[in-house]
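J.: show me how the following folds:
(one chain, ligands or ions: 1)
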Amino acid sequence: MAKQPLLLFPLVASLPIAALLLSSGSAPGPDPGPAASPAAPRPAPPADDGKLRIIAFGAHPDDCELKASGVAAKWAALGHHVKFVSTTNGDIGHHEIAGGPLARRRKAEVEDCARILGIVTEVLDIHDGEIMPTLENRRKIVKLIREWKADVVLGPRPNDYHPDHRYTGILLQDAAFMVIVPYFCPDVPALRKNPIFLYYSDGFKKPNPFEPDVVVSIDDVAAKKFDSIAALESQFCEWNPWLFGYLDKVPKGKAERRLYLEKQFTDRYAPLTEKLRAKVMERYGPEKGARVKLIEAFELCEYGDQPPAERLRELFPF
Ligand SMILES: [Zn+2]
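T.: Predicted structure coming up:
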């Protein structure tokens, strides 16, 4: 998750919504303990069937879901292949549990999200709060993009309050050329065509603010997005509410929680739609564009392929 921390830190104790603006792993937690879990089988890449192939990276097991679950559901509904990757295992973002048990819970939660969205998901076994832009991690990211034979890569900008978000953004930038260099990681065939790399929206302004190149209405899949957020219980019904002091406001029942989170996140996402309303109307026309409630927005990274407008349309065919 991402937001300008300067606005938040003085307010977090009194404003529940502020809780949503910071990520898991954003505060000190218990010692993460030993490595998270025994190696599980990794999801196999899809067959070459002419469909689009999208891989999205987030630093924690909630970041992709918060920023791109709407477009993921839309792509998946059209038979395109989408994969979410969390670059850390989320094993410190909680006030009561940490280490392996938390990492396993986080993995199970994003697997629920993947079922809801019709995509696949993978969580790298790197401790929350500890990812660095190392050569080893650059190789990992490059291999993941190549294995997926991605047409589109999504991820955070490197301007962000959270070091894991920041370094995940750097790692993606580092991969944006190396994926087509055959003798970098020669054990996984290089892509012959560079994917396009796109950043998630965020509110950070320095050194430069987010500039949208693609806006997508997600109103038709909003229920799936909110179902996914509700599936991330350890994040949004426990950790964030505890961290920012509104745990007593979270309902106990599943249905009530789902409604509570829908309201909370609708309030949170709606300002982006208003801010980018002109762009939304440009894409959908004035009449339909004026009615759009929720969007996801993306900025083209200048290091990957630079598609003409019509290619960008083909990659977001909805
Ligand atoms: Zn995060």
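
J.: just the helices in the stretch 201-318 of the chain please.
T.: Ranges of helices within the stretch 201-318 of the chain are 222-231, 233, 240-243, 254-275, 277-284, 286-291, 309-315, based on DSSP state H, counting those that start in this stretch.

J.: could I get those in JSON lines, plus columns for distance to Thr168, mean neighbour count and mean pLDDT?
T.: C-beta here means a position set from N, CA and C on the backbone, and glycine is covered the same way. Shown next, in JSON lines, are the helices of the stretch 201-318 of the chain (distance: least, Cβ to Cβ, whole Å; neighbours: other Cβ atoms under 10 Å; pLDDT from 0 to 100):
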{"stretch": "helix 222-231", "distance to Thr168": "19", "mean neighbour count": "22", "mean pLDDT": "98"}
{"stretch": "helix 233", "distance to Thr168": "23", "mean neighbour count": "17", "mean pLDDT": "98"}
{"stretch": "helix 240-243", "distance to Thr168": "20", "mean neighbour count": "21", "mean pLDDT": "97"}
{"stretch": "helix 254-275", "distance to Thr168": "21", "mean neighbour count": "15", "mean pLDDT": "98"}
{"stretch": "helix 277-284", "distance to Thr168": "26", "mean neighbour count": "16", "mean pLDDT": "98"}
{"stretch": "helix 286-291", "distance to Thr168": "32", "mean neighbour count": "11", "mean pLDDT": "98"}
{"stretch": "helix 309-315", "distance to Thr168": "21", "mean neighbour count": "12", "mean pLDDT": "94"}
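
J.: of these, give the one that comes closest to the ion.
T.: Nearest to the ion, of all the helices of the stretch 201-318 of the chain, is helix 240-243, at 11.0 Å by Cβ to the ion.

J.: right, is that closest one up against the ion?
T.: No: counting by Cβ under 5 Å from the ion, the ion is not contacted by helix 240-243; separation bottoms out at 11.0 Å.

J.: pLDDT weak spots in this protein?
T.: Applying pLDDT under 70 to the chain flags the ranges 1-40.

J.: now name the helix or strand holding the residue nearest the centre of it.
T.: Central residue of the chain (Cα atoms, centre = their mean): Cys64, 1.7 Å from the mean position. Using DSSP states H and E, Cys64 maps to helix 63-77.

J.: output the contacting helices and strands for that helix.
T.: Packing contacts for helix 63-77, counted by 3 or more Cβ pairs under 8 Å, 6 or more residues apart in numbering; DSSP states H and E, involve strand 53-58, strand 81-86, helix 99-117, strand 152-155, strand 196-200, strand 214-217, helix 222-231, strand 295-300.

J.: one more time with 7 Å
T.: Where contact means 3 or more Cβ pairs under 7 Å, 6 or more residues apart in numbering; DSSP states H and E, helix 63-77 is packed against strand 53-58, strand 81-86, helix 99-117, helix 222-231, strand 295-300.

J.: between the ones you listed, which gets nearest to the ion?
T.: Comparing the helices and strands packed on helix 63-77 by Cβ to the ion, strand 53-58 comes nearest, at 6.3 Å.

J.: may I have that closest one as CSV, with CA atoms only?
T.: Output in CSV follows, covering the C-alpha atoms of strand 53-58 (Å, rounded to 0.1, in the frame of the first residue of the first chain):
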residue,chain,number,x,y,z
ARG,A,53,0.3,-12.7,-20.1
ILE,A,54,0.5,-10.4,-17.2
ILE,A,55,2.7,-10.5,-14.1
ALA,A,56,2.2,-8.1,-11.2
PHE,A,57,4.6,-7.6,-8.4
GLY,A,58,3.9,-6.3,-4.9
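
J.: circling back: specify the angle between the helix holding Cys64 and strand 53-58 in degrees.
T.: 160 degrees (axes from the mean of the first three to the mean of the last three Cα atoms, to 10 degrees).

J.: output helix 63-77 as CSV - backbone C-alpha positions only.
T.: What follows is helix 63-77, C-alpha atoms only, in CSV (Å, rounded to 0.1, in the frame of the first residue of the first chain):
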residue,chain,number,x,y,z
ASP,A,63,-0.1,-4.9,-2.5
CYS,A,64,-1.0,-6.5,-5.8
GLU,A,65,-4.5,-7.1,-4.6
LEU,A,66,-4.9,-3.5,-3.5
LYS,A,67,-3.6,-2.0,-6.7
ALA,A,68,-4.4,-4.3,-9.5
SER,A,69,-7.0,-6.9,-8.5
GLY,A,70,-9.7,-5.1,-10.6
VAL,A,71,-7.7,-5.3,-13.9
ALA,A,72,-6.6,-8.8,-13.0
ALA,A,73,-10.2,-10.0,-12.7
LYS,A,74,-11.0,-8.3,-16.0
TRP,A,75,-8.1,-9.9,-17.8
ALA,A,76,-8.8,-13.3,-16.2
ALA,A,77,-12.5,-13.1,-17.3
